[in-house]
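>>> my questions are about this predicted structure, shown below with the sequence.
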Amino acid sequence: MRTRGMTLLPLLLAALFPAPALAAGIDTVMTTAPAEGSVHRPGSILLFVLEPACETEGCVLPSDAGVDVRVDDGTGAGFGAWQAATTYYVSGVAKLRHFVYAETLGTWTVEARASSASAGTTDDTPSRRAFHVGTLVSASATLDRLNGVVSVAFAGPPGTAAVNVTAAAMNLTVDALFAPASLTAMTGSSAGVGASARWTDASALAVSLPPATRSSGACSSWRAAREEATSAGAVIPSGLTLRLRDDATLFDAAAGYHYDGTVALEMGATSGNPTLALTAPADVGGCQDMRVRATTTALSWDEVVSWDAPTFSAAEGVEGVVVGDHADLVAFASNASNHALRELRLPTSLTRPDVRYAFGASAMNCHGGVASATAGVNRWTGMVPGVRTSSGSHAYATTAAAATTIDVDASLPAVVDPAPGSECDQDPTGLTYRWQNLTSRADCLYAPGVNQYGWPNLHVRASSRSLALPAFCLAASATPHRLRLRAFFGENPGTRSAGTLDVNVTVSPTPLRAIILGGGGGVRVLPRDHVFELDARPSFDPDAAAPNAAADNSTYAWSCVLLTRVSSSEVREDPCGSAFDAKMASTEPYLADIGPLLATNLGGRFRFTVTYGNRGKTANATSDVSMVTDPVPTVTLATPNPATVPSTTPLRLVGNVTGHVDFVGTAEEGDIAYRWISEPPIDFADARNFLTPTNGPSLVIAGGVLQPKTSYAFTLLAKQRGVNLEGQATTGAIVVVGPPSGGRLVASPASGAFYTKVFHPLLAFNI
């Protein structure tokens, strides 16, 4: 019974609890495998851990269920034969695995399929995993916000060779390179309308973006992303993420280059506002378009200009004008905003005479910084000339004792075939110019009396296009003088159809000229027992020549230090001594008997300074002096007075040299050698630069040698035969001023007689 029972039990259990049958299908699971699309170096050994599995839950796999593997190495030969995965054990549990030795470059594909011979079934949809063997290409991009160019740079890992784009990719257009969503983010269009791409080399791509707008394109996409991140409390992005349409078209996978298709685009600065200015003539006439230009500091691609609706009012001083609604002009400005135009060019049909037009505009940069500006223009009848400074600047700075010229260019608006005799048919020789001062006095602009229109008569200088202001024409003041030029046709200075130009002239007090005779420049070397004095009497105040100048109250203060060179870059200043201090206590401009004091420290270098004061101003002059035992020549060199010379005029320098009796009792002129140096240097070896020889104590420099707007100092050095040291003296600063600047000359009238005098010869005869 027991034997029978023991034999029947398994059958009874099998009848009561039947085993689940194998389902119709079997699956393959990769529990461990390289990531899809991952990149691996050549020679990598990659592990695949595999399991057979049922397609349905609750089934029992047959004991002979296994997994076969095949590999495509990307060489074009296709898949190899199926190979059975090997069994290994982990804690007594059997596992299946397969190793792939990735040796050749390319895209590899591994397929695995489960099967059971006893069940007669095979996985009809093998598991698949593709990966790359070779170099992973990365890409980064930056936006050039000045020019609107996205520069994409492709690179491999450090130490790899430069990546090379395929020949086919070199010819792709921007819409074939980038995914539609990325094109929309960059250009506002999924087709990339207005954008273009070019390869600057085999690993760099430049994408030129269409003109920026406030509502679409790279900057607006970035601003939207930043606002979204701010609202969500997330990290604010510094750029955009772009994606290429098909990375397989860019790099040759068979050559081992692989790319995930993303580009991180850095957008640049995240703070700061643009600077915007609207430039427009103050007045325009009925013969020209009205032009208003928006100018930003950087003129950058990303600075988008939008225009406000213009406003209108009667021009100042005009009554009874019908302004109107100017609907066409408002629509014109709105259209300019839609196209981000930086200039409004309004035809005369959109404006009316005797109306003042006010314009406003704003500029937004890529990260959202905003600036605004306004401008106003008066519209008159007739032709209004344009006037502007030749330099482009409306601010001038000068000193009271200096003459100043404000060069002005004038132009007439271009009119195509004006009707003969009409208000737009004008000759520039008919222009009248009138300068006037808007702030403070400027008596030099006016002549006695008034004209027929009741306006003050102008001095001839104030009725010229360019204004030449003589010295002391405008008083020194911390507040700029504002001058206005009006240019118009006819003689009535009150006409409204005039071009206007305002300039500001800041006039400062002229600096004092502190002078020590023979001082300035390098050290003066004197022989022992030389009679030496300090003379600052030539010091002067250039503003003393001004009409109604304040009374002279010149003051002089002296000081002395002994200079000792401590190192090549350091000079120590020490007191000169009590005897010097007593002499320096004088307030006189002339100090005698300095030679005996110098003799107490032969070879020492003394620096004497005078502080000259007058009319609330001060200036310093210095003179370095050293007395030696050698019989060096005594040299003096005068600074021209005034110390200003035109560059086209010869400059005469007068020096004086006194030699000493030599060892044989002679002191002939030929025993002294002279040489000249200057700062900044000029070529003393070129005889063409001089009107006199350069080996004498005086020198004449030819006109045209010295550079305008440059300050020169000249030094005369003299060396006597048998003496090692040179005596020398240096001028003070000599300022070279330039010749008149070039420009256009318009004679008004174009022809005629300026002055006529009739005379009769007296004939005398001797009879």
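Great, that's in hand. Quick caveat, the model's predicted, so the values are computed rather than measured. Numbering: from 1, shown residues only.
>>> what number of residues lie near the nearest residue to residue 603 once chain neighbours are set aside?
With CB to CB, 6 or more residues apart in numbering as the criterion, residue 603 has its nearest non-adjacent residue at 5.8 Å, and that residue is residue 628. Using the backbone N, CA and C atoms, a C-beta is placed for each residue, glycine as well. Residue 628: 19 surrounding residues under other CB atoms under 10 Å.
>>> any idea of the pLDDT on residue 628?
Per-residue pLDDT puts residue 628 at 86.
>>> before we move on, what about residue 3?
40.
>>> now do residue 405
On the pLDDT scale, residue 405 gets 92.
>>> can you tell me the SS state at it?
Residue 405 falls in the strand class when you classify it by DSSP: H, G, I helix; E, B strand; the rest coil.
>>> SS state for the residue most central in space within the chain?
For the chain, the residue nearest the mean C-alpha position is residue 298 (7.8 Å; CA atoms, centre = their mean). Following three-state DSSP, we place residue 298 in the coil state.
>>> ok, it - contacts?
Counting by CB atoms under 8 Å, 6 or more residues apart in numbering, residue 298 makes contact with 146, 274.
>>> separation between it and residue 635?
56 Å (CB to CB, to the nearest Å).
>>> please pull out the lowest mean pLDDT helix or strand from the protein.
helix 2-16 (a mean of 46; mean pLDDT, DSSP states H and E).
>>> helix or strand right after that one?
The helix or strand immediately downstream of helix 2-16 is strand 26-32, counting by DSSP states H and E.
>>> centre of the chain to that next one, how far?
On the basis of CA atoms, centre = their mean, to the nearest Å, strand 26-32 sits 64 Å off its chain's mean C-alpha point.
>>> what's the first helix or strand after it?
Using DSSP H and E, the first helix or strand after strand 26-32 is strand 39-40.
>>> what's the mean pLDDT across that next one?
Mean pLDDT, strand 39-40: 86.
>>> now for it, which elements pack on it?
Secondary-structure packing of strand 39-40 (3 or more CB pairs under 8 Å, 6 or more residues apart in numbering; DSSP states H and E): strand 127-133.
>>> parallel or antiparallel, which strands does the strand it packs on pair with?
Strand 127-133 sits in its sheet next to strand 39-40 (parallel), strand 106-116 (antiparallel), going by DSSP bridges.
>>> quick one: which of the ones you listed is nearest residue 544?
strand 39-40 (85.2 Å; CB to CB).
>>> show residues contacting the closest one.
34, 46, 102, 131-136, 258.
>>> which one of the residues you listed sits closest to residue 173?
The closest of these, once distances to residue 173 are taken by CB to CB, is residue 258, at 23.5 Å.
>>> what helices and strands are in contact with the helix or strand containing that closest one?
In this structure, residue 258 is located in strand 257-259 according to DSSP H and E. Under the contact definition 3+ CB pairs under 8 Å, 6+ apart, strand 257-259 sits against strand 135-144.
>>> and the strand it packs on, which residues are buried?
Across strand 135-144, burial judged by 16 or more other CB atoms under 10 Å covers 135-139, 141-144.
>>> need the contact list for residue 288.
So residue 288 contacts 348, 383-384, 413-415 (CB under 8 Å, 6+ apart).
>>> give me that answer again for 6 Å
Counting by CB atoms under 6 Å, 6 or more residues apart in numbering, residue 288 touches residue 413.
>>> wasn't it part of a strand?
No: counting by three-state DSSP, residue 288 is not part of a strand but coil.
>>> so for it, what pLDDT did the model give?
88.
>>> phi, psi of it?
Note on residue 288: backbone dihedrals following degrees, to the nearest 10 are phi -150, psi 160.
>>> separation between it and residue 315?
Residue 288 is 16 Å from residue 315, by CB to CB.
>>> please apply the same query to residue 683.
Taken as CB to CB, the span from residue 683 to residue 315 is 61 Å.
>>> of the two, which one has the most company?
Between residue 683 and residue 315, counting by other CB under 10 Å, residue 315 is the more crowded of the two (21 against 11).
>>> that older thread, contacting residues for the residue nearest to residue 603?
525, 603, 725.
>>> and the buried ones among those residues, selectable in PyMOL?
Per 16+ other CB under 10 Å, the buried members of those correspond to this PyMOL selection:
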select buried, resi 525+725
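>>> can you give me the helices in this structure?
2-16, 174-177, 180-187, 218-232, 327-338, 578-584, 595-598 (DSSP state H).
>>> what lies in contact with the fourth one?
Residues external to helix 218-232 that are found in contact with it (CB under 6 Å, 6+ apart): 185-186, 212, 236-237, 240, 267, 302, 366, 368.
>>> filter the residues you listed to the buried ones?
Neighbour-count burial (16+ other CB under 10 Å) is assigned, among the contacts of helix 218-232, to 185-186, 212, 237, 240, 267, 302, 366, 368.
>>> in strands only, show me these.
Among the buried ones among the contacts of helix 218-232, DSSP state E puts residue 240 in strands.
>>> and which of the buried ones among the contacts of helix 218-232 is nearest to residue 512?
Distances from residue 512 to the buried ones among the contacts of helix 218-232, taken by CB to CB, are shortest for residue 302, at 51.4 Å.
>>> isn't the closest one right next to residue 143, touching?
No: counting by CB atoms under 6 Å, residue 302 does not reach residue 143; the two are 8.0 Å apart.
>>> number of residues surrounding the closest residue to residue 41 other than its chain neighbours?
Nearest residue to residue 41, sequence neighbours excluded (CB to CB, 6+ apart): residue 133, at 7.5 Å. For residue 133, the count of nearby residues is 25 (other CB under 10 Å).
>>> show me what residue 133 is bridged to.
Residues in beta-bridge contact with residue 133 (DSSP bridges): residue 40, residue 106.
>>> and the pLDDT for residue 94?
84.
>>> sorry, back to before: neighbouring contacts of the strand holding residue 258?
Applying CB under 6 Å, 6+ apart, the contact partners of strand 257-259 are 39, 132, 135-137, 163, 247, 251.
>>> in its sheet, what does it sit against?
Strand pairing for strand 257-259, using DSSP bridges, gives strand 135-144 (parallel).
>>> contacts for stretch 679-686?
With CB under 6 Å, 6+ apart as the test, stretch 679-686 has contacts from 676, 694, 713.
>>> for residue 205, which non-adjacent residue is closest in space?
residue 152 (4.1 Å).
>>> tell me the contacts of that neighbour?
139, 141, 205, 263.
>>> list just the nearest of the residues you listed to residue 719.
Residue 719 has its nearest neighbour among the contacts of residue 152 in residue 141, at 69.0 Å by CB to CB.
>>> look up the residues forming beta bridges with that closest one.
According to DSSP bridges, beta-bridge pairing links residue 141 with residue 152, residue 265.
>>> rewinding a little: thought residue 102 was touching the residue nearest to residue 41, still the case?
Yes: with contact defined as CB under 6 Å, residue 133 counts as touching residue 102 (4.5 Å).
>>> hmm, back to that, so what pairs up with the residue nearest to residue 603 in the strands?
Bridge pairing for residue 628 - DSSP bridges - gives residue 527.
>>> for residue 90, same thing?
Legend: beta-bridge partners of residue 90 under DSSP bridges are residue 93.
>>> near it, how many other residues are there?
8.
>>> do the same with residue 106
Neighbours of residue 106 under the rule other CB under 10 Å: 21.
>>> that one and residue 551: what is the separation?
Distance from residue 106 to residue 551, by CB to CB: 99 Å.
>>> cool, and residue 438?
Residue 438 is 32 Å from residue 551, by CB to CB.
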